[in-house]
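Trainee: Can you look at this prediction? I've put the sequence above it.
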Amino acid sequence: MKTVLITGANRSIGLETAKQLSEKGLFVYLGSRNLAKGEATVKELSEKEFQNIKAIEIDVTDPESIVKAKNTIESEQVKLDILINNAGILGVNPQTAAETSVNDIREVFDTNFFGVINVTQAFLDLLKKSDSPRISNITSGLGSLTLHTDPEWKYYHIKTAAYGPSKSALNAYTIALAYELRELPFKVNVIDPGYTATDFNGHSGPGSVESAASFIIKHTIADENGPTGQYFSNDIEDETGISPW
């Protein structure tokens, strides 16, 4: 049975991704900053007959928490097949480039960018023990520099001084990581689940969590012929789903 760790998975897209992967027969570690909340979520899922889901405490901004989670998974599973770096924060609102403080921007980067690096580097050894390791970094269309410079893009006027740049940085890091791991059986990609109605955005997005999770899974569990170092978006209206960087 393949194992997957999803950070920030006790609600919204992360939770739905955990549910769908469980239904596909994977063992899911449901990452949560608060273990009690994670365990309560797993209890509810168990009552709905979801199986093979276990809550694990992991705060992507806390190295000690990450190491503890890594040691737990290593002792229970020996390896990790899939890492989905889903945890993320929006930050203060509004987020103007002229006035948003460096501290506010740094807080967003600590979770959305440095947190992903913290987790990824900690779990690389366990992923290397898998026959088909996968790393999916959950990004946003707001991280696309190409789209942000296109006045015809439907979200052109949504500019953020912290959130978007943190995802642009994540995209760049993913390209570098995918390149470094290119000789190994890794598939390392960034995946934008699309503008989805969640607590994250006050349920303003047009997409559903079901569609978002399905899209993430589609581009995470691709076979050995699948791409690596690619940027997929659920908001791109063609069959490839490939987004411009």
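Mentor: Received the coordinates, thanks.
Trainee: Only C-alpha atoms from now on, for both contacts and neighbour counts.
Mentor: OK.
Trainee: show me the contacts for Glu16.
Mentor: Applying Cα atoms under 8 Å, 6 or more residues apart in numbering to Glu16 gives the contacts 209-210, 213.
Trainee: Mind checking which of those residues land in helices?
Mentor: Counting by DSSP state H, these place 209-210, 213 in helices.
Trainee: Turn the contacts of Glu16 into a markdown table, including distance to Asn85.
Mentor: Converted to a markdown table, the contacts of Glu16 look like this (distance: Cα to Cα, whole Å):
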| residue | distance to Asn85 |
| --- | --- |
| Val209 | 16 |
| Glu210 | 18 |
| Ala213 | 13 |
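Trainee: Can you tell me the SS state at Gly194?
Mentor: coil (DSSP: H, G, I helix; E, B strand; the rest coil).
Trainee: That one reaches Ser214, doesn't it?
Mentor: No. Gly194 lies out of contact with Ser214 (Cα atoms under 8 Å); the separation is 11.3 Å.
Trainee: Just want to know which of those two has more residues nearby.
Mentor: Taking other Cα atoms under 10 Å, Gly194 and Ser214 do not tie; Gly194 has more neighbours (24 against 19).
Trainee: Go through the ones in helices among the contacts of Glu16 and name the one nearest Lys54.
Mentor: Comparing these against Lys54 with Cα to Cα picks out Ala213 as the nearest, at 18.4 Å.
Trainee: Please report how far that closest one lies from Ile82.
Mentor: 15 Å (Cα to Cα, to the nearest Å).
Trainee: Compare those two and say which is more crowded by neighbours.
Mentor: Ile82 (26 against 21).
Trainee: List phi and psi for that one.
Mentor: Per-residue torsions, Ile82: phi -140, psi 130 (degrees, to the nearest 10).
Trainee: mind listing what the residue sitting nearest the centre point of the chain touches?
Mentor: The centroid of the chain falls nearest to Asn86 when counting by Cα atoms, centre = their mean (2.5 Å). Counting by Cα under 8 Å, 6+ apart, Asn86 touches 6-9, 14, 137-138.
Trainee: Would you check which pair of these lies furthest apart?
Mentor: Ala9 and Asn137 (13.5 Å).
Trainee: returning to what we had before: ok, the contacts of Asn86 vs Glu99, which is closest?
Mentor: Nearest to Glu99 among the contacts of Asn86, counting by Cα to Cα, is Ile138 at 27.0 Å.
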